[in-house]
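Colleague: with the input below, show me the fold.
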Amino acid sequence: MIDLGLSKLAIIGVVALVVIGPERLPKVARMAGTLYGRAQRYLHDVKNEVSREIELEELRNLQKNVQETAQSFKEDVEGSLAKNMSDVEDAFRIDNPLHDEHHHDSYASITNDDLVRKAKDFRRKRLVRTSAVPLWYKQRNGGRMHVVSGAARVARFRPRSGKPPASFY
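Modeller: Residues are numbered from 1 along each chain as shown. All right, here's what the predicted structure looks like:
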């Protein structure tokens, strides 16, 4: 870069005073200062942009490496899981006492019937829990018609005293 010391600046100032003249020198100096400031800001912006681009490229490379590592890890896990599942299925086929086809079909039908029954019971119980009971049915069978808080129930069944309730005021 340009090496400007105090003596060089003084020589440039004297030459500018002689060439430009004393009446236009302040305007020219102001303009030179603003142009110098703009140039510095422009260089600073360019440096920031270059450093951002470099960091962005590094982040892209890092993301690519992480994705490749994650993909290879996922493939390893899926491969070992498939191997383990096949080992378990082979062991179950060998050790299964119901390996005979006839026994296996009856076992599956019992299990299937049991599952169907349980599903129906679950749906029925869920319907009872979530469905609204009509008001006429509640009145006929003595069900609650509206919710009463605990404090209201206590006040309803508390024995009353002979004196009137105290006033709030």
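Colleague: just name the shakiest helix or strand of this protein by mean pLDDT.
Modeller: helix 101-130 (a mean of 68; mean pLDDT, DSSP states H and E).
Colleague: what helix or strand is D3 located in?
Modeller: If you go by DSSP states H and E, D3 is not part of any helix or strand.
Colleague: could you measure it against V116, distance?
Modeller: Distance from D3 to V116, counting by Cβ to Cβ, to the nearest Å: 94 Å. Placement of C-beta: from N, CA and C, glycine included.
Colleague: neighbour count for those two, which is higher?
Modeller: Using other Cβ atoms under 10 Å as the criterion, D3 and V116 rank with V116 on top: 10 against 5.
Colleague: where in the chain is pLDDT low?
Modeller: 1-2, 95-110, 126-135, 138-139, 142-146, 162-169 (pLDDT under 70).
Colleague: quick one: the strands in the chain?
Modeller: When assigned using DSSP state E, the chain turns out to have no strands.
Colleague: which helix runs longest in it?
Modeller: helix 25-95 (DSSP state H).
Colleague: tell me what that helix is packed against?
Modeller: If you count contacts as 3 or more Cβ pairs under 8 Å, 6 or more residues apart in numbering; DSSP states H and E, helix 25-95 packs onto helix 6-20.
Colleague: and the contacts of the helix it packs on?
Modeller: Helix 6-20 has contacts (Cβ atoms under 8 Å, 6 or more residues apart in numbering) with L25, V28, A29.
Colleague: can you list these in a markdown table and add neighbour count and distance to K64?
Modeller: A markdown table is the format used below for the contacts of helix 6-20 (neighbours: other Cβ atoms under 10 Å; distance: Cβ to Cβ, whole Å):
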| residue | neighbour count | distance to K64 |
| --- | --- | --- |
| L25 | 15 | 58 |
| V28 | 13 | 54 |
| A29 | 13 | 53 |
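Colleague: out of the residues you listed, which comes closest to R140?
Modeller: A29 (103.0 Å; Cβ to Cβ).
Colleague: for R41, the count of nearby residues, please.
Modeller: By other Cβ under 10 Å, the residues close to R41 number 10.
Colleague: to clarify, my last question referred to E53.
Modeller: For E53, the count of nearby residues is 10 (other Cβ under 10 Å).
Colleague: for K47, see how far away it is.
Modeller: Using Cβ to Cβ, E53 is found at 11 Å from K47.
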